[in-house]
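# Build me a model:
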Amino acid sequence: MAEKNDTKNRKWSVTDLPDLSGRTAVVTGANSGLGRTAADALARAGAHVVFAVRDPERGRAAAARVPGSTEVRRLDLADLASVRAFAEGWQGPIDLLINNAGVMMLPEQRTADGFEMQFGTNHLGHFALTNLLLPHVTDRVVTVSSGLHRGGDGVMHFDNLNLRGAYNPTRAYAQSKLANLLFTLELQRRLTEAGSPVRALAAHPGYAATNLQSHTANPLARLGMRLGNRLLAQDDVAGTLPTLYAATQDLPGASYLGPDGMGEMRGAPTLVGRSRAASDPAAARRLWTLSEEMTGVKWALGVGRVNVGTE
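Residues are numbered from 1 along each chain as shown. Below you'll find the predicted structure:
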């Protein structure tokens, strides 16, 4: 009886991943942090994992440490030409697209196309990539957001998405993570309307110890985050669990996954809530329209169109 209770009460972990043999996963930012950990777990479960990374040399070094089937392809989400080149070079089905890569609380910078770096990388780069690859996607798109989507001003600055003259590292990061959730909401609406079987989901890692925080603009914030990583954060494997759960479990489209512990900081993956701003369908549609205008990338699926790889 005790053994049955232990099994029933045991929380989901990386050992519960299903067999992914024969499936292909594209993971952005897979050379380090949560992306590398997710890529490792997916490859160990049998998937062929594509490391979509800005620096192929670092990507190859990371892939070399991962058992299973992997390959490395260059992708710079801060350069739309690179995003287009990645998509144009793709052939065959993609079962899982994991939009994981991101930058956090940087000093004010611009992408190759002139966008604010955090919004341009975390949202616009993934927006363009997803739409360009969508005809190949057969199962789901998982986009990594953050509990900090509630931070900053807690709103999308639709009249100044690049925050010119109003830049603040925290505000910019929060806006980009809010955009991730609105993107997921509108993507799922469009997929459903098109009759596509593909599902769009989002996840956040809670407070996970990675190197992402080391690039923040404020030296005192970097020190605080280093201490937090050491004393409070869960490790990168635990931080990856919500993404892996979203990528492999039978969940409704537009679901949002995060840790089940206090404040969603750590714990096993579970469905979590989001801010009112992140749940606004009108804002999601407005962001989509503006993102199309900014990137020049349009919605990829027509009504009734069948995805490549499912015919």
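# where does the protein dip in pLDDT?
Per-residue confidence for the chain (pLDDT under 70) gives these ranges: 1-9, 209-233, 302-311.
# Longest helix in it, please.
Looking across the chain with DSSP state H, the single longest helix is helix 169-193.
# List the buried residues of that one.
169-191 (16 or more other C-beta atoms under 10 Å). From N, CA and C alone the C-beta is placed, and that goes for glycine too.
# Tell me how far that helix lies from the chain's centre.
10 Å (C-alpha atoms, centre = their mean, to the nearest Å).
# got it, and stretch 113-127?
The answer for stretch 113-127 is 13 Å, by C-alpha atoms, centre = their mean.
# again, but for stretch 97-109
On C-alpha atoms, centre = their mean, the centre of stretch 97-109 falls 10 Å from that of its chain.
# Would you mind measuring the gap between the ends of that stretch?
Chord length of stretch 97-109, first to last residue, is 27 Å (C-alpha to C-alpha, to the nearest Å).
# So which bits of it are buried?
Buried, per 16+ other C-beta under 10 Å, within stretch 97-109: 97-106, 109.
# cool, and stretch 72-79?
72, 75-79.
# Closest one to Asp159 out of the residues you listed, please.
Ala78 (23.0 Å; C-beta to C-beta).
# measure the closest one to Gln234 for me?
28 Å (C-beta to C-beta, to the nearest Å).
# Near the residue nearest to Val14 when sequence neighbours are not counted, how many other residues are there?
Nearest-residue entry for Val14: Ala41, 5.1 Å, with adjacent residues in sequence omitted and distances by C-beta to C-beta, 6 or more residues apart in numbering. Ala41 has 24 neighbours, counted by other C-beta atoms under 10 Å.
# secondary structure class for Ala41?
At Ala41 the chain is in helix, as set by DSSP: H, G, I helix; E, B strand; the rest coil.
# number of nearby residues for Asp250?
5.
# That one should be in a strand, yeah?
No - per three-state DSSP, Asp250 lies outside any strand segment and is coil.
# Next up, phi/psi of it, please.
phi -80, psi 100 (degrees, to the nearest 10).
# Can you identify each of the strands in the stretch 201-311 of the chain by residue range?
Using DSSP state E, counting those that start in this stretch, the strands of the stretch 201-311 of the chain run over residues 256-259, 269-271.
# Check the ones you listed for me and report the most buried one.
Of all those, strand 256-259 carries the top mean neighbour count, a mean of 26, counting by mean count of other C-beta atoms under 10 Å.
# returning to that earlier point: mind picking the two most distant members of the buried residues of stretch 72-79?
Longest span within the buried residues of stretch 72-79, C-beta to C-beta: Val72 and Ala78, 18.3 Å.
# contacting residues around the closest residue to Thr24 other than its chain neighbours?
Of all residues not flanking Thr24 in the chain, His48 sits nearest, at 4.8 Å (C-beta to C-beta, 6+ apart). By C-beta atoms under 8 Å, 6 or more residues apart in numbering, His48 lies in contact with 23-25, 68-71.
# Ok, Gly151 next?
Applying C-beta under 8 Å, 6+ apart, the residues near Gly151 are 170-171, 173-174.
# Now render the residues you listed as CSV, adding distance to Glu292.
Below are these laid out as CSV (distance: C-beta to C-beta, whole Å):
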residue, distance to Glu292
Thr170, 27
Arg171, 24
Tyr173, 23
Ala174, 23
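# Widest-spaced pair of those?
Applying C-beta to C-beta across these, the maximum distance is between Arg171 and Tyr173, 7.5 Å.
# Identify the contacts common to the two.
151-152.
# just the CA coordinates of the host helix or strand of His126, formatted as PDB?
In the assignment (DSSP states H and E), His126 maps to helix 126-133. C-alpha atoms of helix 126-133 as PDB (Å, rounded to 0.1, in the frame of the first residue of the first chain):
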ATOM      1  CA  HIS A 126      10.300  33.900 -32.100                       C
ATOM      2  CA  PHE A 127       7.100  35.400 -33.700                       C
ATOM      3  CA  ALA A 128       8.800  35.400 -37.100                       C
ATOM      4  CA  LEU A 129      10.500  32.000 -36.600                       C
ATOM      5  CA  THR A 130       7.200  30.300 -35.600                       C
ATOM      6  CA  ASN A 131       5.200  31.700 -38.500                       C
ATOM      7  CA  LEU A 132       7.900  30.800 -41.000                       C
ATOM      8  CA  LEU A 133       8.300  27.200 -39.700                       C
END
